[in-house]
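Novice: for reference, the sequence and a predicted model appear below.
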Amino acid sequence: QQQVKQSPQSLIVQKGGISIINCAYENTAFDYFPWYQQFPGKGPALLIAIRPDVSEKKEGRFTISFNKSAKQFSLHIMDSQPGDSATYFCAALGAGKSTFGDGTTLTVKP
Amino acid sequence: EAQVTQNPRYLITVTGKKLTVTCSQNMNHEYMSWYRQDPGLGLRQIYYSMNVEVTDKGDVPEGYKVSRKEKRNFPLILESPSPNQTSLYFCASSFFTGGEKLFFGSGTQLSVL
């Protein structure tokens, strides 16, 4: 019952490049769409989040683009740095329920 | 320091031996939730609690129990663990319904032999 599909599974980007990760959801009852960053041995930490009444949100080098009609949202990391190398999860939350994507392993090469 | 604390960090047990993983938060959050993380499968929700004495099933509740007798604590109970419950478990909390920022614990790596 995969309700959030995330792609790609892995991504390699050069330092200074743009990293783009995409997610698609099915349940229109979701009303909060966060991206989490996870380093090995740590719990996920909120990176940035958006609600469906907004099409784009930017915080520093991180931007979420949200397309409500297509039920898709994406994370853009500008000027990617080696310290951004981590696993990224999209999620869709609503009414207590939360569904996560399978994760994207990002490697930023120096 | 605001945090979600899970214990133990690592646990090795045998099939059928009851165990409890504890979770405590010090942020006065209403909402708490348990997840399991398996390679390539992301995080899957096991149970969640919107408030004290209110719990509900997530996507993968089979083989697990929870209780929420106090606001700060939300233990995960495995009555009869099986090898397919070997996983990395995370507890999380948020202020209200879970439809906002989730704060995660550091995780509990469970191995059931």
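Specialist: Thanks, I have the structure now.

Novice: what's the neighbour count on residue B:62?
Specialist: A count of nearby residues for residue B:62, using other C-beta atoms under 10 Å in any protein chain shown, gives 8. (Glycine included, C-beta is placed from N, CA and C.)

Novice: check residue B:106 too.
Specialist: 15.

Novice: now do the SS call for it.
Specialist: coil (DSSP: H, G, I helix; E, B strand; the rest coil).

Novice: ok, and the closest non-adjacent residue to it?
Specialist: residue A:43 (5.3 Å; C-beta to C-beta, 6 or more residues apart in numbering or on different chains).

Novice: now the longest strand along chain A: average pLDDT?
Specialist: Determined from DSSP state E, the single longest strand within chain A is strand A:86-94. If you average the pLDDT over strand A:86-94, you get 95.

Novice: show me what that strand is packed up against.
Specialist: Helices and strands touching strand A:86-94, by 3 or more C-beta pairs under 8 Å, 6 or more residues apart in numbering or on different chains; DSSP states H and E, are strand A:4-7, strand A:19-25, strand A:33-38, strand A:72-77, strand A:97-100, strand A:104-109.

Novice: what's the closest of the ones you listed to chain B?
Specialist: strand A:97-100 (4.2 Å; C-beta to the nearest C-beta).

Novice: pairing partners for that closest one, with directions?
Specialist: Using DSSP bridges, the strands paired with strand A:97-100 in its sheet are strand A:86-94 (antiparallel).

Novice: that older thread, now the helices and strands packed on strand A:86-94 as TSV including mean neighbour count and mean pLDDT?
Specialist: As requested, the helices and strands packed on strand A:86-94 are arranged in TSV below (neighbours: other C-beta atoms under 10 Å in any protein chain shown; pLDDT from 0 to 100):
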stretch	mean neighbour count	mean pLDDT
strand A:4-7	18	95
strand A:19-25	20	97
strand A:33-38	22	96
strand A:72-77	20	98
strand A:97-100	24	92
strand A:104-109	17	97
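
Novice: make JSON lines out of those strands and add distance to residue B:106.
Specialist: Compiled in JSON lines, these are given as follows (distance: least, C-beta to C-beta, whole Å):
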{"stretch": "strand A:4-7", "distance to residue B:106": "23"}
{"stretch": "strand A:19-25", "distance to residue B:106": "24"}
{"stretch": "strand A:33-38", "distance to residue B:106": "11"}
{"stretch": "strand A:72-77", "distance to residue B:106": "24"}
{"stretch": "strand A:97-100", "distance to residue B:106": "18"}
{"stretch": "strand A:104-109", "distance to residue B:106": "20"}
